[in-house]
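Q: here is a sequence with its predicted model. Questions after.
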Amino acid sequence: MPASCGTWYTKTMSSPPWIQDLARALTSPGELRRFFSLTGEEEGYFASSPEPDADGAGLSLRIPSYYLNLCTDSPDDPLRRQCVPRRQEFEQRPWEQDDPLHEESHTPRPRLIHRYRDRALFLATDTCAMYCRHCFRRHFTGKRQGGATREEIILAAAYAGATPSLREIILSGGDPLTLHNEDLETLLSTFREARPDLVFRVASRVPVVLPGRITPELSRLLRRWAPLVVVTQFNHPREITPQSTQAVESLVDSGIPLFNQTVLLRGVNDHPDTLEELFQGLVARRVTPYYLFQGDLAPGTAHFRVPLGEAMEIFRCLRMRLSGIALPVFAVDLPQGGGKIPLYPESLSRKEPGWYHLQSLDGRWFRYPDEAPS
Ligand SMILES: *Cc1c(COP(=O)(O)O)cnc(C)c1O
């Protein structure tokens with residue numbers, strides 16, 4: 001285990017409350033059973049992977065107590081579905097791949113994914129405040145590698161320095177806002193020194209799952225590195241609470257633009273009424289809905305995917321109901337590394353039995369399965 005992890009979340013009297021909250025997060029099946037009466041499907045996960053955090057099989061379990069307390073004991077609760085594992089996570093469909101977006105083939109430096117000409121994504125850490133059960137980067141996330149090393153950061157920054165077409169660095173992972181302020185500052189300053197003109201995009205679910213982490217100090221820190229925007233992930237209206245509202249408003253009031261990416265998820269938000277309420281609620285809190293994503297073909301996530309035709313119907317309703325500033329772009333990241341494309345009803349025309357054919361922005365054709373409803 002690298003020296004940079006393992007000690008991070010130890011409880012000490014002097015550490016800020018958010019670190020103590022993370023240290024207290026639920027991570028074991030035993031604790032989960034004390035909180036929920038687990039269904040057969042949920043127990044089935046632990047039968048396949050008794051200690052998900054220890055043996056590396058499956059995606060780690062971590063639920064901060066703040067998020068846990070938003071869940072109800074109903075097995076169909078949309079928040080519970082996002083954080084409590086199910087047996088289906090060990091089922092793999094033929095078209096599901098460990099690295100569904102072929103990120104490894106676009107990795108010029110360790111942890112740096114450069115797929116699009118003007119922007120690249122840096123895997124700042126593999127740690128998250130909560131491990132979302134629908135995670136598409138589950139082959140990397142929560143594997144206890146911890147934060148990027150000093151050397152990895154220097155190599156990635158040097159690459160940005162030597163690649164003039166790059167204009168933007170997306171800090172992702174894992175969740176970069178689980179890093180301590182000093183480590184975050186080192187990361188931002190190293191990239192900025194190599195390229196003073198870079199725009200930063202911080203991709204984080206922390207405002208939604210651990211809003212106490214968004215302290216005034218953190219907002220000020222992020223503001224100092226402008227131009228910097230934060231992209232978060234609200235998936236359900238019940239995630240909009242007084243605490244998460246305070247977190248996003250603190251960032252916006254500090255001068256940081258806020259965007260949101262929602263993942264379309266079966267049993268969570270697969271209804272136009274739910275998404276309408278979500279997107280309007282975000283706009284009212286000064287967060288701009290940016291993307292609505294069709295589920296990626298990551299292993300063990302079929303139970304979360306909405307069949308593409310049905311997804312398009314949901315989006316068509318939203319287009320009729322929502323203001324332009326409340327309507328995100330509906331997009332899919334094409335399998336086999338085809339990249340992100342916006343989806344329109346016309347996109348779904350060329351079809352063979354069982355498959356949609358979708359064209360990437362550079363004109364190549366990719367197949368996306370027409371899955372049976374799960
Ligand atoms: C999604 C993504 C981006 C950002 O794409 P936008 O359309 O600008 O949001 C950049 N790099 C990688 C590797 C991505 O997956």
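A: In hand now; what should we look at?
Q: and the stretch 201-350 of the chain, which residues reach the ligand?
A: Counting by Cβ under 6 Å from any ligand atom, the residues of the stretch 201-350 of the chain lying close to the ligand are Lys340. Yep, even glycine has a C-beta here, placed from its N, CA and C like the rest.
Q: in the stretch 201-350 of the chain, which spans are strands?
A: 228-232, 258-263, 288-293, 329-334, 339-342 (DSSP state E, counting those that start in this stretch).
Q: okay, the shortest one in PDB with CA atoms only?
A: This means strand 339-342. Taking C-alpha atoms only, strand 339-342 is exported to PDB below (Å, rounded to 0.1, in the frame of the first residue of the first chain):
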ATOM      1  CA  GLY A 339     -16.400   9.100 -27.300                       C
ATOM      2  CA  LYS A 340     -19.400  11.100 -26.100                       C
ATOM      3  CA  ILE A 341     -22.200  12.000 -28.400                       C
ATOM      4  CA  PRO A 342     -25.500  13.900 -27.900                       C
END
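Q: what's it packed up against?
A: In this structure, strand 339-342 makes packing contacts with strand 329-334, judged by 3 or more Cβ pairs under 8 Å, 6 or more residues apart in numbering; DSSP states H and E.
Q: about what we covered before: mean neighbour count and mean pLDDT added to the strands of the stretch 201-350 of the chain, as JSON lines?
A: Compiled in JSON lines, the strands of the stretch 201-350 of the chain are given as follows (neighbours: other Cβ atoms under 10 Å; pLDDT from 0 to 100):
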{"stretch": "strand 228-232", "mean neighbour count": "23", "mean pLDDT": "98"}
{"stretch": "strand 258-263", "mean neighbour count": "21", "mean pLDDT": "98"}
{"stretch": "strand 288-293", "mean neighbour count": "20", "mean pLDDT": "98"}
{"stretch": "strand 329-334", "mean neighbour count": "21", "mean pLDDT": "97"}
{"stretch": "strand 339-342", "mean neighbour count": "16", "mean pLDDT": "96"}
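Q: the worst-scoring helix or strand of the chain on mean pLDDT pairs with which strands, and in what direction?
A: Within the chain, no helix or strand scores below strand 351-352, which has a mean of 83 by mean pLDDT, DSSP states H and E. Here strand 351-352 is paired, per DSSP bridges, with strand 355-359 (antiparallel).
Q: which residue ranges of the stretch 251-374 of the chain form helices?
A: Under the criterion DSSP state H, counting those that start in this stretch, the stretch 251-374 of the chain contains helices at 272-284, 308-321.
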